[in-house]
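**Student:** need the 3D shape of this:
(one chain, ligands or ions: 1)
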Amino acid sequence: MSLPKLGFIGIGRMGMPMARRLIQAGYSVVVFDPNAEAVKSLVKEGATGAENPAEVATNSEVILLSLPTPDIVDAVAFGENGIVYGVDSDTQKTVIDLSTTGPEGARALAEGLSSKGIKSIDCPVSGGVGGAEKGTLALMASGDPSVVENVGDVLKVLGNSFLVGPEPGMGQMIKVINNLVSVTALAITSEALVLGTKAGLNPDVMVDVFNASSGQSNASLTKIPKFVLTRSFDFGFALDLSVKDARLCLEQSEALGVPMVVGSAVREMLKITKAKLGPQADMTSIIQPVEEWAGIKVRGANAKPENS
Ligand code: NAD
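**Tutor:** Okay, the predicted model is just below:
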């Protein structure tokens with residue numbers, strides 16, 4: 001059976017390595033991003049560039065999206081030269097939305113696409129840029145199980161899929177919950193490291209102890225040793241997106257009447273960090289305001305030199 005023609009819209013930190021893996025797996029991939037440099041670089045690797053989302057839709061059967069916000073997903077699908085203007089009634093198209101947009105965004109997308117005869121699955125991902133490069137992402141798919149099954153081979157190139165449920169938005173729900181759990185671990189571990197360092201403890205040893213003890217988390221195993229103790233702060237997830245994810249989760253907690261006291265405090269820490277360092281600073285820099293307040297920096301043995 002021949003491979004379906006793929007489209008990929010949103011060639012950013014996550015989209016670039018995902019689209020690259022699909023090209024390397026033998027798929028023909030049509031790409032669009034307003035960042036012409038990103039498109040050019042994938043075209044060199046075998047992709048075909050398109051001028052807008054409608055052109056991507058016309059030239060592909062399965063269209064993957066990896067976009068920053070629900071508003072941008074909406075504009076790409078339904079706005080000027082959007083996906084819906086690139087379809088005809090003869091070819092069945094499927095949209096896989098890999099972006100984090102929250103349950104409401106996912107439901108609106110599925111509804112709008114379905115009214116134009118386009119199938120879709122809500123499929124946010126977790127695992128960061130490293131997971132996108134290695135093809136080890138967790139893909140939280142929700143929607144019609146037969147549609148998810150039909151694109152199973154495409155998803156396999158990107159990571160491990162979980163069929164979360166039959167309704168669009170269910171994938172988003174677990175995704176925004178997961179991200180609040182994850183950033184909460186990062187925030188508390190960051191505060192703890194500042195405290196320990198001020199008390200005279202060695203931060204590398206502290207992280208080793210967490211990782212052998214009950215304080216272990218993805219933050220202590222990966223984000224802190226690789227991107228905080230080294231002072232590189234380049235995990236690859238912008239604060240702006242992390243603030244968005246926390247908002248999307250807390251909107252759901254409010255709508256469903258479930259208080260999230262801890263999550264709300266973490267959201268405030270993210271907002272403070274974003275106000276201080278800017279929307280494009282990395283989420284791992286959430287430690288920096290705490291360091292500033294405490295008057296101390298947490299530097300591991302492998303930290304890059306100050307001011308480099
Ligand atoms: P990014 O900002 O690096 O990439 C987004 C891309 O979308 C950019 O290349 C941008 O030019 C493009 N874009 C913006 N407007 C567009 C438009 N109108 N049409 C087409 N393209 C447009 O973001 P990212 O880190 O790659 O994240 C993408 C999505 O994946 C987000 O929803 C994010 O929350 C989610 N996510 C990110 C990570 C991560 O670690 N970076 C992990 C899991 C999920």
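
**Student:** looks to me like residue 140 is in a strand.
**Tutor:** Yes: counting by DSSP: H, G, I helix; E, B strand; the rest coil, residue 140 is part of a strand.

**Student:** burial measure for it, as a count.
**Tutor:** Number of residues near residue 140 (other CB atoms under 10 Å) recorded here: 24. Any C-beta I mention is one placed from the backbone N, CA and C, and that applies to glycine too.

**Student:** how close does it sit to residue 100?
**Tutor:** 10 Å (CB to CB, to the nearest Å).

**Student:** common neighbours of the two, please.
**Tutor:** Common contact partners of residue 140 and residue 100 (CB atoms under 8 Å, 6 or more residues apart in numbering): 124, 172, 175.

**Student:** make TSV out of those residues and add pLDDT, neighbour count and secondary structure.
**Tutor:** Below are the shared contacts of residue 140 and residue 100 laid out as TSV (pLDDT from 0 to 100; neighbours: other CB atoms under 10 Å; DSSP: H, G, I helix; E, B strand; the rest coil):
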residue	pLDDT	neighbour count	secondary structure
124	98	28	coil
172	98	30	helix
175	98	29	helix
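
**Student:** could I get the residues you listed in CSV, plus columns for distance to residue 187?
**Tutor:** As requested, the shared contacts of residue 140 and residue 100 are arranged in CSV below (distance: CB to CB, whole Å):
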residue, distance to residue 187
124, 21
172, 22
175, 18
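
**Student:** can I get those in TSV with distance to the ligand?
**Tutor:** Conversion of these to TSV gives the following (distance: CB to the nearest ligand atom, whole Å):
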residue	distance to the ligand
124	6
172	10
175	8
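
**Student:** ok, residue 99 touching residue 64?
**Tutor:** No: using CB atoms under 8 Å, residue 99 is not in contact with residue 64; the gap is 9.7 Å.

**Student:** near the ligand, which residues of the stretch 1-150 of the chain are found?
**Tutor:** 9-15, 32-35, 38, 66-68, 72, 75-76, 99-100, 125-126, 128-129 (CB under 6 Å from any ligand atom).

**Student:** buried among the residues you listed? Make that a ChimeraX selection.
**Tutor:** Buried residues among these (16 or more other CB atoms under 10 Å), as a ChimeraX selection:
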select :9,10,11,12,14,15,32,33,38,66,67,68,72,76,99,100,125,126,128,129
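
**Student:** next one: phi and psi at residue 163?
**Tutor:** In terms of degrees, to the nearest 10, the main-chain angles of residue 163 are phi -80, psi 100.

**Student:** hmm, it is touching residue 142, no?
**Tutor:** Yes: with contact defined as CB under 8 Å, residue 163 reaches residue 142; the gap is 7.4 Å.

**Student:** more neighbours: which of those two?
**Tutor:** A count of neighbours by other CB under 10 Å puts residue 142 above the other of residue 163 and residue 142, at 27 against 17.

**Student:** that one and residue 102: what is the separation?
**Tutor:** For residue 142, the distance to residue 102 equals 13 Å [CB to CB].

**Student:** between those two, which contacts overlap?
**Tutor:** Common neighbours of residue 142 and residue 102, counting by CB under 8 Å, 6+ apart, are residue 172.

**Student:** domain boundaries for this protein, per the record?
**Tutor:** Domain segmentation of the chain under automatic domain parsing yields 6-166, 173-294.

**Student:** tell me who's in contact with residue 118.
**Tutor:** Taking CB under 8 Å, 6+ apart, one finds 83, 84, 87, 93, 94, 95 in contact with residue 118.
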